[in-house]
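Participant: the following block contains a protein sequence and its predicted model.
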Amino acid sequence: MWIDIFAAAITAGTPLLFATLGEIYTERVGNTNLGVEGMMIMGAVVGFSTGFLTQNAALALAGAVLAGSAGALIYAIITITLRANQIVTGLALTIFGTGFASFVGKPYVGKAAPEAIKNFFRVIEIPLLSDIPFIGEILFKHDVFVYLGYIVTFWTLIYFYKTRWGLNLRSIGESAASADASGINIDKYKYIHTIIGGALAGLGGAYLSLVTIPVWQEGVTGGRGWIAVALVIFASWKPIKAMFGALLFGGLDIIGFRLQGMGIHVSQYLIDMLPYLTTIVVLIISTRKNKPEDMPPADLSIPYFREER
């Protein structure tokens with residue numbers, strides 16, 4: 001039973017993992033993008049519609065990446081080039097993304113993802129690793145999307161702490177003026193990593209519409225973008241902590257179905273509230289962190305004006 005619960009939690013947490021990692025990329029470079037929900041649902045609708053029309057999973061994922069990246073590019077132009085308020089721009093992006101998804105997704109409401117897409121995302125057992133007792137059954141019997149989540153997480157860890165680009169990225173987040181004085185192109189780094197963040201959010205949305213709920217419906221993201229923003233704080237802007245946070249919230253997402261399967265009757269409204277109540281608790285706990293390594297980037301949400309150097 002516990003094996004099934006943990007495995008299901010990983011599957012349910014994968015969209016959150018992509019969105020959270022994407023926002024970590026964005027915030028590490030000093031930008032706060034509250035438009036994660038909007039970019040996720042843009043990726044969800046474009047990924048689903050592309051998959052429905054082409055019956056090609058690779059094109060569906062590419063469409064989701066492009067949609068999320070486009071949303072992030074809009075945000076980047078407004079906040080990095082035009083230096084508009086990041087919070088307001090992120091909120092506007094969420095509203096825009098929701099409207100965009102309603103418009104594009106209207107012809108597909110109630111329609112299921114093609115069988116070719118479902119077959120592409122079938123469960124794949126990793127030879128030898130899936131035979132490891134307990135751990136193998138939990139971690140290595142999933143679809144390709146979950147394995148991609150593992151790869152992106154560990155690549156992000158290596159990128160942040162073992163590469164020159166990662167060092168530059170973190171230095172911009174801590175002090176853009178100092179990074180600029182060192183010869184780092186601030187705008188280039190901000191644009192690239194903000195767009196990477198949008199691409200990952202788009203992938204998270206595509207997982208929801210193509211795998212988790214392979215039938216298009218309005219509001220498919222269900223507020224998960226907001227949970228991802230909170231998870232960034234919970235994870236202290238660290239990729240591995242983000243993975244465990246996504247597992248936790250993934251577990252909360254599926255706990256209702258498991259309880260009902262065990263014959264335990266709990267109000268559906270309470271179950272629906274659980275992830276958001278937990279988000280509030282997590283935010284309260286996170287604000288009490290005093291360790292320097294758990295603090296947000298020093299220049300987070302502060303626009304950089306080169307002439308002020």
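Facilitator: That came through, no problem. Quick caveat, the model's predicted, so the values are computed rather than measured. Numbers count the residues shown, from 1 in each chain.

Participant: nearest residue to Gly250 other than its sequence neighbours?
Facilitator: Spatial nearest neighbour of Gly250, excluding adjacent residues (Cβ to Cβ, 6 or more residues apart in numbering): Gly13 at 2.5 Å. (Glycine included, C-beta is placed from N, CA and C.)

Participant: ugh, typo on my part, it should be Asn168
Facilitator: In this structure, Asn168 finds its nearest non-sequential neighbour in Ile184, 5.1 Å apart by Cβ to Cβ, 6+ apart.

Participant: give me phi/psi at the one you found?
Facilitator: Per-residue torsions, Ile184: phi -80, psi 130 (degrees, to the nearest 10).

Participant: from Leu203, how far out is it?
Facilitator: Per Cβ to Cβ, to the nearest Å, Ile184 is found 28 Å from Leu203.

Participant: do Gly13 as well
Facilitator: As judged by Cβ to Cβ, Gly13 and Leu203 stand 14 Å apart.

Participant: between these two, tell me which one has more neighbours.
Facilitator: Between Gly13 and Leu203, counted using other Cβ atoms under 10 Å, the more crowded position is Leu203 (30 against 27).

Participant: residue ranges of the helices in the stretch 51-200 of the chain, please?
Facilitator: For the stretch 51-200 of the chain, helices defined by DSSP state H, counting those that start in this stretch occupy the ranges 57-76, 86-105, 115-120, 135-139, 144-162, 164-174, 176-181, 186-207.

Participant: report pLDDT for the nearest residue to Phe100 once chain neighbours are set aside.
Facilitator: Taking Cβ to Cβ, 6+ apart, and ignoring the residues beside it in sequence, Phe100 has Met42 as its nearest neighbour in space, at 5.7 Å. The per-residue pLDDT reported for Met42 equals 97.

Participant: list the contacts for Met42?
Facilitator: Met42 makes contact with 67-68, 70-71, 97, 100-101, 202, 205, according to Cβ atoms under 8 Å, 6 or more residues apart in numbering.

Participant: element containing it, please.
Facilitator: helix 36-54 (DSSP states H and E).

Participant: now do that helix and helix 186-207, the angle between them.
Facilitator: Interaxial angle of helix 36-54 relative to helix 186-207 (axes from the mean of the first three to the mean of the last three Cα atoms, to 10 degrees): 60 degrees.

Participant: would you indicate which residues of helix 36-54 are buried?
Facilitator: By neighbour count on 16 or more other Cβ atoms under 10 Å, the buried set for helix 36-54 is 36-52.

Participant: do the same with stretch 232-241
Facilitator: For stretch 232-241, the neighbour count (16+ other Cβ under 10 Å) marks 232-239, 241 as buried.

Participant: mind listing which of the residues you listed are in helices?
Facilitator: Mapping the buried residues of stretch 232-241 onto helices (DSSP state H) picks out 232-234, 239, 241.

Participant: hmm, back to that, can I get the contacts of Met42 in CSV including neighbour count?
Facilitator: CSV is the format used below for these (neighbours: other Cβ atoms under 10 Å):
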residue, neighbour count
Ala67, 32
Gly68, 36
Ala70, 19
Gly71, 30
Gly97, 30
Phe100, 19
Ala101, 28
Gly202, 34
Gly205, 35
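
Participant: what is the burial count for Pro292?
Facilitator: By other Cβ under 10 Å, the residues close to Pro292 number 6.

Participant: likewise Lys141?
Facilitator: Under the neighbour criterion other Cβ under 10 Å, Lys141 is assigned a count of 17.

Participant: OK, contacts around it?
Facilitator: Applying Cβ under 8 Å, 6+ apart, the residues near Lys141 are 7, 123-126, 130.
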